[in-house]
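**Student:** A structural model of the following input is requested.
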Amino acid sequence: MSTTTVKSSAPADRDPAGTAPAGKGPRRGERSLAGTLTSHGILGVASLIALFPIAWLVYLSLGPDKDDYLHPGGILGKMTFDNYSFVLQHTPFFDWLKSTLIVSLGTTVIGVMVAATTGYAVSRMRFPGYRKFMWVLLVTQMFPVAVLMVPMYEILSELQLIDNYFGLILVYCSTAVPYCAWLLKGYFDTIPFEIDEAGRVDGLSPFGTFARLILPLAKPGLAVAAFYSFITAFGEVAFASTFMLSDTKYTFAVGLQSFVSEHDAQRNLMAATAVLVAIPVSAFFYLVQKNLVTGLTAGGTKG
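**Tutor:** From the prediction side, this is the model:
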């Protein structure tokens, strides 16, 4: 009796590398060449648009004459750093720098401390009227500077804080704290409440829990609040020009106005000063930029 061996047909050939068949589009998560080139092109154009004003300001600051901005093409043949030398040697630039850093850093420290404690209290504690309190903070942002100028001047005058750094810091905190409190409240809401309970089990007081457990986890939110407070004080003009009377106590924003008078405008010196002014802001941004995106996105998830 003969036996026959039945051989199963060989399975269809498969691509050992698992690559997609020819003629089909890219896999999920992959971009086509056209998509990659388009996205890079858009980002390149956006970068040029963002960097052009800065490059143009630096270019104008190298022109030796105050009217070079009217015919910028002539700057190429006579570029010089004399404007920077004049600003650093013959203007109260370093007095402006000292005043600006005192006011900006003071606003940042005090503003972030008050906003952090306020945001944490509203996030974790349910005291009577806590919702109305947060709405009151929001309402304070509705009033324009022109409306606040006179009452604030009278208050600072009664407290003898006119032409005083601390008085200007308090004014800026009144602007920075409400926004930062809302921002940090939203960020504290994303931190699990179980961490507070664990701190209390370990014997920490509410403030100890806040300082030792919550604040280290809230660094991204604190970085955003610090950056906002710093920028608020650094670039403000109206309050600084009204409440600071001494030339040596002017901030950068007010000092720049001294280059423009009724009959003259030294725009070359103004451009050079503006470039120098940008250095402290850029340095501060570099210190906190790692946490800015995280803090902005996480702080907006809950509220």
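
**Student:** tell me which element the most centrally placed residue in the chain is part of?
**Tutor:** By CA atoms, centre = their mean, the chain has its centre lying nearest to F227, at 4.2 Å. Element membership for F227 (DSSP states H and E) is helix 219-235.

**Student:** Take that helix, keep the C-alpha atoms, and write them as PDB.
**Tutor:** Written as PDB, here are the backbone C-alpha positions of helix 219-235 (Å, rounded to 0.1, in the frame of the first residue of the first chain):
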ATOM      1  CA  LYS A 219       8.100  75.100  39.900                       C
ATOM      2  CA  PRO A 220       6.700  75.400  36.300                       C
ATOM      3  CA  GLY A 221       3.800  77.400  37.500                       C
ATOM      4  CA  LEU A 222       6.000  79.600  39.700                       C
ATOM      5  CA  ALA A 223       8.300  80.200  36.800                       C
ATOM      6  CA  VAL A 224       5.400  81.500  34.700                       C
ATOM      7  CA  ALA A 225       4.200  83.700  37.500                       C
ATOM      8  CA  ALA A 226       7.800  85.000  38.100                       C
ATOM      9  CA  PHE A 227       8.300  85.800  34.400                       C
ATOM     10  CA  TYR A 228       4.900  87.600  34.100                       C
ATOM     11  CA  SER A 229       5.700  89.700  37.300                       C
ATOM     12  CA  PHE A 230       9.200  90.500  36.000                       C
ATOM     13  CA  ILE A 231       8.000  91.700  32.600                       C
ATOM     14  CA  THR A 232       5.100  93.700  34.100                       C
ATOM     15  CA  ALA A 233       7.500  95.700  36.200                       C
ATOM     16  CA  PHE A 234      10.300  95.900  33.600                       C
ATOM     17  CA  GLY A 235       8.400  97.400  30.700                       C
END
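
**Student:** quick one: buried residues of it?
**Tutor:** 220-234 (16 or more other CB atoms under 10 Å). Where you see a C-beta, it was placed from the backbone N, CA and C, and this is true even at glycine.

**Student:** Following the chain past the helix or strand where K185 lies, name the next helix or strand.
**Tutor:** Under the criterion of DSSP H and E, K185 resides in helix 165-189. Counting by DSSP H and E, the element after helix 165-189 in chain order, helix or strand, is helix 193-201.

**Student:** What helices and strands are in contact with that following helix?
**Tutor:** Secondary-structure packing of helix 193-201 (3 or more CB pairs under 8 Å, 6 or more residues apart in numbering; DSSP states H and E): helix 206-209.

**Student:** what's the average pLDDT for the helix or strand following the helix it packs on?
**Tutor:** Later in the chain than helix 206-209, the nearest helix or strand by DSSP H and E is helix 215-217. The average pLDDT within helix 215-217 is 89.

**Student:** quick one: contacts of helix 215-217?
**Tutor:** By CB atoms under 8 Å, 6 or more residues apart in numbering, the surrounding residues in contact with helix 215-217 are A116, I191, I195, L222.

**Student:** Ranking by neighbours, what's the top pick from those?
**Tutor:** A116 (25 neighbours; other CB atoms under 10 Å).

**Student:** correct me, but it touches V224?
**Tutor:** No: contact criterion CB atoms under 8 Å: A116 and V224 do not qualify, at 11.6 Å.

**Student:** Any stretches of the protein with poor pLDDT?
**Tutor:** For the chain, applying pLDDT under 70 flags the ranges 1-31, 291-303.

**Student:** try it again with 50
**Tutor:** Applying pLDDT under 50 to the chain flags the ranges 1-13, 16-18, 20, 299-303.

**Student:** can you map out the helices along it?
**Tutor:** 33-61, 82-90, 93-124, 130-139, 145-158, 165-189, 193-201, 206-209, 215-217, 219-235, 238-243, 252-255, 267-299 (DSSP state H).

**Student:** can you redo these as a markdown table with distance to G73?
**Tutor:** Output for these, formatted as a markdown table (distance: least, CB to CB, whole Å):
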| stretch | distance to G73 |
| --- | --- |
| helix 33-61 | 11 |
| helix 82-90 | 18 |
| helix 93-124 | 29 |
| helix 130-139 | 50 |
| helix 145-158 | 39 |
| helix 165-189 | 41 |
| helix 193-201 | 62 |
| helix 206-209 | 63 |
| helix 215-217 | 54 |
| helix 219-235 | 31 |
| helix 238-243 | 35 |
| helix 252-255 | 30 |
| helix 267-299 | 15 |
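
**Student:** I'd like to know which of those helices lies nearest to L70.
**Tutor:** Using CB to CB as the measure, helix 267-299 is the one of the helices of the chain that comes nearest L70, at 9.2 Å.

**Student:** If anything else comes up later, I'll come back, but that's it for now.
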